[in-house]
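Chemist: structure here, sequence nowhere to be found:
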């Protein structure tokens, strides 16, 4: 459990991995400093909020956070410049999944956030997967994968490739170099009361997971979260 969660979270924080992206965002000037952080925060909030609406349409309750989605990952923009993107994953275990209902809810939710929605089915029997794929808008590419035999719904998203240094943005998101326990500072679940966060300094961020990967019980409920010291 611990290693699976940690691998997923740390993989998303590996800003040295170059990912070739299509449909990337291009800007006349590459943002740096405070402007880079504010651009990154806006891009994160937009796609994460859109995906929150998708998962809440499918199931109004708690989803397991596998990859939080705020860690900048290096990518190549359409113009060939270095940029950053994000990776977001949520999981839900559910018995007797009503596949048609999930497909309908996910499709409507993607369309509500200006993404084009389509479906694709792979495999048969216990290996069957039904995918609802949303492309465009702030989502970039989002996929709701339904595995009926396993009683699992997995939702993933990767927005476009935005201009700016992934490494520099990561340093601002984490208040310096990514520290070893950063993966424990991301919320373990996402539910109806979710609020987007894009700043996780080591000294003041609450801890949501134990060292073995299990969620802290009861989960922390801080009155306020750390505020990023970057210009508006």
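Modeler: Thanks, I have it. Everything numeric here is computed off the predicted structure, so don't read it as measured data.
Chemist: select the longest helix from the chain.
Modeler: helix 33-58 (DSSP state H).
Chemist: who does whichever helix or strand comes after that one touch, helix- and strand-wise?
Modeler: Later in the chain than helix 33-58, the nearest helix or strand by DSSP states H and E is strand 63-67. Where contact means 3 or more C-beta pairs under 8 Å, 6 or more residues apart in numbering; DSSP states H and E, strand 63-67 is packed against helix 2-12, strand 88-93, strand 189-190. All C-beta spots, glycine's among them, are computed from the backbone N, C-alpha and C.
Chemist: and strand 63-67, what's buried?
Modeler: 63, 65, 66, 67 (16 or more other C-beta atoms under 10 Å).
Chemist: and what of stretch 181-195?
Modeler: 182, 183, 184, 185, 186, 187, 188, 190, 194.
Chemist: average model confidence for it?
Modeler: For stretch 181-195, mean pLDDT rounds to 96.
Chemist: equivalent analysis for stretch 146-154, please.
Modeler: Here the average pLDDT along stretch 146-154 is 97.
Chemist: got the contact list for that stretch?
Modeler: Residues external to stretch 146-154 that are found in contact with it (C-beta atoms under 8 Å, 6 or more residues apart in numbering): 58-59, 66, 89-97, 99, 102-103, 125-132, 144-145.
Chemist: ok so, going back, quick check, nearest of the buried residues of stretch 181-195 to residue 49?
Modeler: Of all the buried residues of stretch 181-195, residue 49 sits closest to residue 194, with 9.0 Å by C-beta to C-beta.
Chemist: so who does the closest one touch?
Modeler: Here residue 194 is in contact with 52, 187 (C-beta under 8 Å, 6+ apart).
Chemist: ok, residue 33 next?
Modeler: residue 230.
Chemist: for the closest residue to residue 131 other than its chain neighbours, list the residues it contacts.
Modeler: Excluding the flanking residues, the one nearest residue 131 by C-beta to C-beta, 6 or more residues apart in numbering is residue 120, at 4.7 Å. Residues near residue 120 by C-beta under 8 Å, 6+ apart: 130, 131, 133.
Chemist: tabulate these (TSV), appending secondary structure, pLDDT and distance to residue 163.
Modeler: Below are the contacts of residue 120 laid out as TSV (DSSP: H, G, I helix; E, B strand; the rest coil; pLDDT from 0 to 100; distance: C-beta to C-beta, whole Å):
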residue	secondary structure	pLDDT	distance to residue 163
130	strand	98	35
131	strand	98	30
133	strand	98	26
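Chemist: dump those to JSON lines, plus neighbour count and distance to residue 201.
Modeler: Listed next are the contacts of residue 120 as JSON lines, based on neighbours: other C-beta atoms under 10 Å; distance: C-beta to C-beta, whole Å:
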{"residue": "130", "neighbour count": "21", "distance to residue 201": "40"}
{"residue": "131", "neighbour count": "16", "distance to residue 201": "37"}
{"residue": "133", "neighbour count": "18", "distance to residue 201": "36"}
